[in-house]
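Asker: Sharing a model that was predicted from the sequence below.
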Amino acid sequence: MSWKTIVGLEIHVELSTKTKAFCNCENSFGKEPNTSVCPVCLGLPGALPVLNEQAVKFGVMAGLALHCDIHEYSKFDRKNYFYPDLTKGFQLTQNDRPICTDGYLEIGDDENKKKIGIRQIQLEEDTGKAIHPEEGDTLLDYNRCGVPLIEIVSQPDLNSGKEAREFLEKLRATLKYIGISDCKMEEGSLRCDVNVNIKNEETKECSAIAEIKNLNSFRGVEKAVEYEEKRQREMMEAGEKEEKTTRRWDDVNEETILMRVKYTANDYRFVPDGDLPLLHIDEELRSAVASKMPELPDQRAKRFQKEYGLSQYDASVLTGTRELADFYEDTAALFKDYNTLSNWVMGEVLRRIDTDTNFLVPFEPKDLAELLIEIKNKTINNNAGKKVLRTMFEKGGKPKDIIQEMGLTQISDSSQIEDMVLKVLDNNPQSIADFKAGKDRALGFLVGQVMKESRGKANPQMVNELLRKHLDK
Ligand code: ZN
Ligand code: MN
């Protein structure tokens with residue numbers, strides 16, 4: 001039997017506006033609880049919302065980046081439910097007339113592109129946060145109440161955990177590029193719900209959708225989908241059935257855990273909000289936002305291929321985040337051997353930093369350029385260059401000073417190298433015999449001995465040439 005996995009995502013993204021969605025309270029993470037609140041975001045009777053223009057602009061930017069239709073008119077609705085972190089008793093959101101619909105985001109590389117549909121993007125407000133300490137009462141922090149969100153709803157176009165993860169990574173990179181959110185999963189500014197079911201491709205029979213709530217890592221998303229596709233397949237193969245379920249992901253045991261069975265659809269009694277008029281986005285606003293859109297990851301990767309002659313793979317890695325791409329370009333302005341630069345950034349630099357959280361390189365692009373120029377000019381050899389870079393990461397400092405301090409300046413004086421070559425040859429008659437008997441490995445050994453003799457500072461190319469010259473005699 002063959003099964004198809006069907007995955008759709010709902011992603012909540014907190015917008016990086018200065019103030020909240022409908023009031024003037026400061027929108028910032030990590031403040032003293034309940035210090036950024038007012039009658040509007042606390043939902044006190046009689047308080048009236050005023051829509052934040054910046055949140056609307058950010059919503060339009062998201063829509064443009066995801067190739068959506070941006071609607072001239074959209075509507076705010078009240079989604080009614082009771083929960084202690086929502087004092088108003090309803091959430092302001094957009095139900096049937098959201099700001100953006102019908103977009104897409106592409107995943108995969110040039111040979112393997114796949115368009116993932118975006119059903120809609122709606123503007124809404126966040127709820128407060130309930131904190132459940134180990135002991136004592138539940139605590140409530142309303143600072144997050146009224147923080148502007150967009151909810152991005154994908155079409156069920158994803159067919160594996162890997163694809164879901166790739167989509168999410170691409171989405172985050174895109175949103176960070178346009179600067180509308182910091183997209184920190186660990187701080188909850190990007191949160192993801194995953195809907196998964198499977199389909200028997202012969203009988204067309206489908207399993208009930210499992211909704212996995214509030215995944216907080218990309219890896220969790222991938223694993224949760226893989227866990228569910230297996231669980232649902234085993235259930236279907238055993239001829240069992242279940243209702244729709246809501247589940248959560250247990251990161252430690254790597255399994256989904258049943259929270260509740262949904263016998264009926266949620267009924268939020270959506271009603272149009274009476275305090276907010278229809279949201280009108282006229283052509284002027286739309287084109288003002290469009291004219292300020294920055295280059296997006298895909299566009300930038302294409303340009304890197306063309307402008308710097310990089311491979312598709314290198315270009316896509318180097319444009320993975322805006323900060324990394326800026327770092328590459330700022331260095332490339334000073335060091336024109338773009339492929340060598342790409343190798344150094346993708347190897348020696350990227351393995352020391354975690355691009356997932358923050359791009360924190362403890363030196364400037366011009367310092368890396370200076371180091372690569374020293375290597376290119378043969379002041380130091382490649383291996384010494386790696387030592388210098390490691391020091392730049394660990395202790396800081398300028399490449400020229402580090403080269404001086406560590407005494408790494410390359411020896412390119414041929415008579416000095418020749419002396420060392422002769423000494424090594426004198427001490428290793430067996431290797432000479434081996435080389436003459438056709439054992440090429442002997443040469444590598446001798447090169448190593450000369451490099452050792454020079455404490456790693458000899459110009460390796462000259463060592464090679466001089467050794468060959470004397471061996472061929
Ligand atoms: Zn407020
Ligand atoms: Mn929502």
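Answerer: On my side now, so go ahead. Fair warning: this is a prediction, and the values are worked out from it, not measured in the lab. Numbering: from 1, shown residues only. Ligands and ions are numbered 1, 2, ... in the order given.
Asker: if I look at residue 14, how far off is residue 23?
Answerer: Between residue 14 and residue 23 the computed distance is 16 Å (CB to CB, to the nearest Å). All C-beta atoms are positioned from the backbone trio N, CA, C, and that covers glycine.
Asker: nope, residue 145 is what I was after
Answerer: From residue 145 to residue 23 the distance is 10 Å (CB to CB).
Asker: Neighbour count: these two, which is higher?
Answerer: residue 145 (29 against 22; other CB atoms under 10 Å).
Asker: for the closest residue to the more buried one other than its chain neighbours, what are its contacts?
Answerer: Of all residues beyond its chain neighbours, the one nearest residue 145 is residue 128 (4.2 Å), with distances taken as CB to CB, 6 or more residues apart in numbering. By CB atoms under 8 Å, 6 or more residues apart in numbering, the contact list for residue 128 reads 85, 86, 87, 140, 141, 142, 143, 144, 145.
Asker: and if we set it to 6 Å?
Answerer: Neighbour list for residue 128: 85, 140, 141, 142, 144, 145 [criterion: CB atoms under 6 Å, 6 or more residues apart in numbering].
Asker: Wait, the last one touches residue 39, no?
Answerer: Same thing as residue 145. No. At 11.6 Å, residue 145 and residue 39 do not qualify as touching, with contact defined as CB atoms under 6 Å.
Asker: Residue 181 contacts residue 16, doesn't it?
Answerer: Yes. The pair formed by residue 181 and residue 16 meets the contact definition of CB under 6 Å, at 5.4 Å.
Asker: top of the contacts of residue 128 by neighbour count?
Answerer: Top of those by neighbour number is residue 145, holding 29 neighbours under the definition other CB under 10 Å.
Asker: three-state assignment of that residue?
Answerer: Following DSSP: H, G, I helix; E, B strand; the rest coil, we place residue 145 in the coil state.
Asker: Run through the neighbouring helices and strands of the helix or strand where residue 228 lies.
Answerer: Assigning secondary structure by DSSP states H and E places residue 228 in helix 218-237. Applying 3 or more CB pairs under 6 Å, 6 or more residues apart in numbering; DSSP states H and E, we find helix 218-237 packed against strand 3-14, helix 161-177, strand 190-200, strand 210-215, strand 255-262.
Asker: again, only this time at 10 Å
Answerer: Identification of packing neighbours for helix 218-237 by 3 or more CB pairs under 10 Å, 6 or more residues apart in numbering; DSSP states H and E yields strand 3-14, helix 161-177, strand 190-200, strand 210-215, strand 244-250, strand 255-262.
Asker: just the strands in the stretch 51-200 of the chain please.
Answerer: With DSSP state E, counting those that start in this stretch, the ranges of strands along the stretch 51-200 of the chain come out as 69-70, 73-74, 77-80, 90-93, 100-107, 114-125, 129-131, 139-141, 148-154, 190-200.
Asker: tell me which of the contacts of residue 128 is nearest to residue 65?
Answerer: Residue 65 lies nearest to residue 144 out of these, by CB to CB, at 24.7 Å.
Asker: any idea how far the closest one is from residue 99?
Answerer: Using CB to CB, residue 144 is found at 21 Å from residue 99.
Asker: I'd like the helices and strands packed on helix 218-237 as a markdown table, with mean pLDDT and mean neighbour count appended.
Answerer: Converted to a markdown table, those look like this (pLDDT from 0 to 100; neighbours: other CB atoms under 10 Å):
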| stretch | mean pLDDT | mean neighbour count |
| --- | --- | --- |
| strand 3-14 | 96 | 20 |
| helix 161-177 | 95 | 21 |
| strand 190-200 | 95 | 21 |
| strand 210-215 | 92 | 20 |
| strand 244-250 | 93 | 18 |
| strand 255-262 | 90 | 13 |
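Asker: would CSV of these with distance to ligand 1 be doable?
Answerer: Written out in CSV, the entries for the helices and strands packed on helix 218-237 read as follows (distance: least, CB to the ion, whole Å):
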stretch, distance to ligand 1
strand 3-14, 15
helix 161-177, 24
strand 190-200, 21
strand 210-215, 24
strand 244-250, 30
strand 255-262, 31
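Asker: Pretty sure residue 97 sits against residue 279.
Answerer: Yes. The pair residue 97 / residue 279 is scored as a contact, 8.9 Å apart, by CB atoms under 10 Å.
Asker: on that earlier part again, closest to residue 471 out of the helices and strands packed on helix 218-237?
Answerer: Smallest distance to residue 471 across those (CB to CB): 52.5 Å, for helix 161-177.
Asker: Just the angle for the closest one relative to strand 100-107, thanks.
Answerer: For helix 161-177 against strand 100-107, the angle by axes from the mean of the first three to the mean of the last three CA atoms, to 10 degrees is 110 degrees.
Asker: Quick one: distance of helix 161-177 to the chain centre.
Answerer: The gap between the average C-alpha position of helix 161-177 and the chain average comes to 7 Å, counting by CA atoms, centre = their mean, to the nearest Å.
Asker: neighbours around residue 350, how many?
Answerer: Counted with other CB under 10 Å, the burial measure for residue 350 works out to 17 neighbours.
Asker: That one and residue 314 touch, don't they?
Answerer: No. Under the criterion of CB under 10 Å, residue 350 is not in contact with residue 314, lying 11.1 Å apart.
Asker: Now the terminal residues of stretch 340-352, how far apart.
Answerer: Start-to-end span of stretch 340-352 (CA to CA, to the nearest Å) is 18 Å.
Asker: Quick check: residues of the protein near ligand 1?
Answerer: 23, 25, 38, 40, 41 (CB under 5 Å from the ion).
Asker: Please narrow those to those residing in helices.
Answerer: 40, 41 (DSSP state H).
Asker: From the residues of the chain next to ligand 1, keep the buried residues only.
Answerer: Neighbour counting with 16 or more other CB atoms under 10 Å marks 23, 25, 40, 41 as buried within the residues of the chain next to ligand 1.
Asker: in the stretch 101-250 of the chain, what residue is nearest ligand 1?
Answerer: residue 146 (5.5 Å; CB to the ion).
Asker: For that residue, give me the pLDDT.
Answerer: Per-residue confidence for residue 146 comes out at a pLDDT of 97.
Asker: Leaving out sequence neighbours, find the closest residue to it.
Answerer: Spatial nearest neighbour of residue 146, excluding adjacent residues (CB to CB, 6+ apart): residue 41 at 3.4 Å.
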